[in-house]
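Trainee: What shape does this take:
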Amino acid sequence: MTKVTYVASKKFKELPDSEKSKYLSKAKISRNNINQLSQEQKKAFFINSLKFQNALIKKRMKKFYGMSHSEQERFLKAEAARIKKIRAMAKHNKQHKKKPVPSPEDIKLRMQCYLETIDAQTRAQMEEYRKRLKEKLES
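Mentor: Residues are numbered from 1 along each chain as shown. Predicted coordinates for the structure are as follows:
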């Protein structure tokens, strides 16, 4: 059983949250592996890993919004530079072109799971963060 199919399994779902968190923080799961799952497995994967992912999002937002405005701007500028560098490298990486893009159904499923499980305050913070990061990426 691969890591990604294990996370999508009933066996993983039955683990205590602390064990799930430990496993997910150590497991390096690539999007390519997730894309190879069936729709039913993908849904199980997202549901089984959501609590962990949401905790990470909340932690990142708490840290980001705990910074002063000038620190936030510096952070966003550095993050935009990091993303631009990755995108530039990916353009020149022939293998990158072979990677499957998530289907519209996958994106909808992931977003639905996210919206159903994350609190309104964190969701609003994420939207503001994404908006500000997008502005930095476009400048």
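Trainee: Now residue 67: closest residue in space, sequence neighbours ignored.
Mentor: residue 75 (6.5 Å; CB to CB, 6 or more residues apart in numbering). For glycine as for every other residue, the C-beta is placed from the backbone atoms N, C-alpha and C.
Trainee: element containing that neighbour?
Mentor: Element membership for residue 75 (DSSP states H and E) is helix 69-92.
Trainee: My understanding was that the residue nearest to residue 67 contacts residue 66; is that so?
Mentor: No. Residue 75 lies out of contact with residue 66 (CB atoms under 8 Å); the separation is 11.1 Å.
Trainee: Those two: which has the busier surroundings?
Mentor: Ranked by neighbour count (other CB atoms under 10 Å), residue 75 and residue 66 place residue 75 first, with 17 against 9.
Trainee: Would you check how far apart the more buried one and residue 58 are?
Mentor: 17 Å (CB to CB, to the nearest Å).
Trainee: do the same with residue 25
Mentor: 15 Å.
Trainee: Residue 4 too?
Mentor: 24 Å.
Trainee: ok so, going back, so for residue 25 and residue 58, which residue has more residues nearby?
Mentor: residue 58 (16 against 9).
Trainee: nearest residue to that one other than its sequence neighbours?
Mentor: residue 122 (5.2 Å).
Trainee: pretty sure the one you found is touching residue 61, no?
Mentor: Yes. When contacts are counted by CB under 8 Å, residue 122 is listed as touching residue 61 (5.6 Å).
Trainee: quick check, distance from the lowest-mean-pLDDT helix or strand in the chain to the centre of its chain.
Mentor: Within the chain, no helix or strand scores below helix 31-35, which has a mean of 76 by mean pLDDT, DSSP states H and E. Offset of helix 31-35 from its chain centre (CA atoms, centre = their mean, to the nearest Å): 13 Å.
Trainee: which strands and helices sit next to it?
Mentor: Helix 31-35 sits against helix 3-7, with contacts defined as 3 or more CB pairs under 8 Å, 6 or more residues apart in numbering; DSSP states H and E.
Trainee: tell me which residues of stretch 125-139 are tucked away?
Mentor: 125, 126, 129, 132, 133, 136 (16 or more other CB atoms under 10 Å).
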